[in-house]
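Trainee: Got a sequence here, can you build the structure:
(one chain, ligands or ions: 1)
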Amino acid sequence: MRIDVVTIFPGYLAPLREALLGRAIEAGLVEVAVHDLRDWTHDVHQAVDDAPYGGGPGMVMKPQVWGEALDAVLAADERPARLVVPTPAGRPFRQSTAQAWAGEQRLVFACGRYEGIDQRVVDEAAARMPVDEVSIGDYVLVGGEVAVLVMVEAVARLLPGVLGNPVSAEQDSFSDGLLEGPAYTRPLTWRGLSVPEVLRSGHHGAIARWRRDRALERTADRRPDLLAALPADALDAADRAF
Ligand SMILES: OB(O)c1ccc2cc[nH]c2c1
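Mentor: Next comes the predicted model:
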């Protein structure tokens with residue numbers, strides 16, 4: 001997979017080259033290119049924004065600059081791309097979104113700032129490629145860069161070879177529609193708190209049942225919406241008895 005990010009703050013994306021994802025890039029498991037939007041300005045001030053039509057606070061990012069930038073970035077590789085535009089007004093980005101995007105050959109992320117990008121940039125792009133306007137949560141950031149860090153990590157960790165143990169991704173929170181339950185490691189007792197007996201029993205069936213019950217309990221407590229959204233056949237008789 002190739003990932004391109006267009007932004008006026010390229011330095012914001014430096015964390016992509018750290019740790020697990022940085023190693024995946026070095027191993028060639030994923031390609032990442034970050035582009036400075038201002039490279040496609042032509043005025044001395046390198047202007048990327050202008051006042052909004054209809055008035056109102058703030059500034060809107062200029063369509064001409066974005067259009068030239070996306071044309072150039074898309075032309076740099078022949079692989080078909082999905083354009084992703086982070087915005088508080090977007091559809092929710094979920095684990096299922098990350099799983100779907102992990103199958104893409106190329107993702108191009110457009111990081112807005114100010115009051116966002118002129119809508120015509122999205123509308124014009126949508127005529128020639130898949131475009132997703134997505135939100136990572138019901139709060140407002142100052143720009144799209146942090147949202148891109150979140151989404152790139154969520155997607156890249158699902159790519160073959162990126163996680164040391166692929167089973168981890170299969171047992172993620174949300175992978176089965178439930179939140180993950182609690183995890184424990186040594187020491188056996190810490191500040192007077194002990195590890196649940198069942199986890200030391202060696203009884204794999206009982207351990208699996210206990211973990212499932214803790215996941216159901218935590219999901220019911222913290223995210224009842226996820227429990228309500230489970231397909232009818234997702235819970236077996238033992239789950240229902242819980
Ligand atoms: O909260 B967000 O995900 C987000 C995304 C993009 C822009 C652009 C300006 N503010 C933004 C906020």
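Trainee: In three-state terms, how would the spatially most central residue of the chain be classified?
Mentor: For the chain, the residue nearest the mean C-alpha position is residue 151 (1.9 Å; Cα atoms, centre = their mean). At residue 151 the chain is in helix, as set by DSSP: H, G, I helix; E, B strand; the rest coil.
Trainee: Around residue 34, count how many other residues there are.
Mentor: By other Cβ atoms under 10 Å, 21 other residues sit near residue 34. Heads up, the C-betas are built off the backbone N, CA and C, glycines and all.
Trainee: measure the closest residue to the residue nearest to the centre of the chain other than its chain neighbours to the ligand for me?
Mentor: Nearest residue to residue 151, sequence neighbours excluded (Cβ to Cβ, 6 or more residues apart in numbering): residue 93, at 5.9 Å. Counting by Cβ to the nearest ligand atom, to the nearest Å, the separation of residue 93 from the ligand is 9 Å.
Trainee: Could you do residue 184 as well?
Mentor: In this view, residue 184 and the ligand are 34 Å apart by Cβ to the nearest ligand atom.
Trainee: Would you enumerate the residues in contact with that residue?
Mentor: Counting by Cβ atoms under 8 Å, 6 or more residues apart in numbering, residue 184 makes contact with 195, 196, 199.
Trainee: and the second one, how many residues sit next to it?
Mentor: Think residue 196. Neighbour tally, residue 196, other Cβ under 10 Å: 13.
Trainee: Counting by contacts, list what the longest strand anywhere in the chain packs against.
Mentor: Using DSSP state E, we find that the single longest strand of the chain is strand 82-92. Applying 3 or more Cβ pairs under 8 Å, 6 or more residues apart in numbering; DSSP states H and E, one finds that strand 82-92 contacts strand 106-110, helix 119-126, strand 131-135, helix 145-156.
Trainee: Would you list the strands that that strand pairs with, along with their directions?
Mentor: With DSSP bridges as the test, strand 82-92 is paired with strand 106-110 (parallel), strand 131-135 (parallel).
Trainee: Show me the one of the ones you listed that comes nearest the ligand.
Mentor: strand 131-135 (5.4 Å; Cβ to the nearest ligand atom).
Trainee: Identify the residues contacting that closest one?
Mentor: For strand 131-135, contacts defined as Cβ under 8 Å, 6+ apart pick out 82-93, 97, 122, 125, 147, 151.
Trainee: Just the buried residues of these.
Mentor: Buried subset of the contacts of strand 131-135 (neighbour count, 16 or more other Cβ atoms under 10 Å): 82-88, 90, 93, 97, 122, 125, 147, 151.
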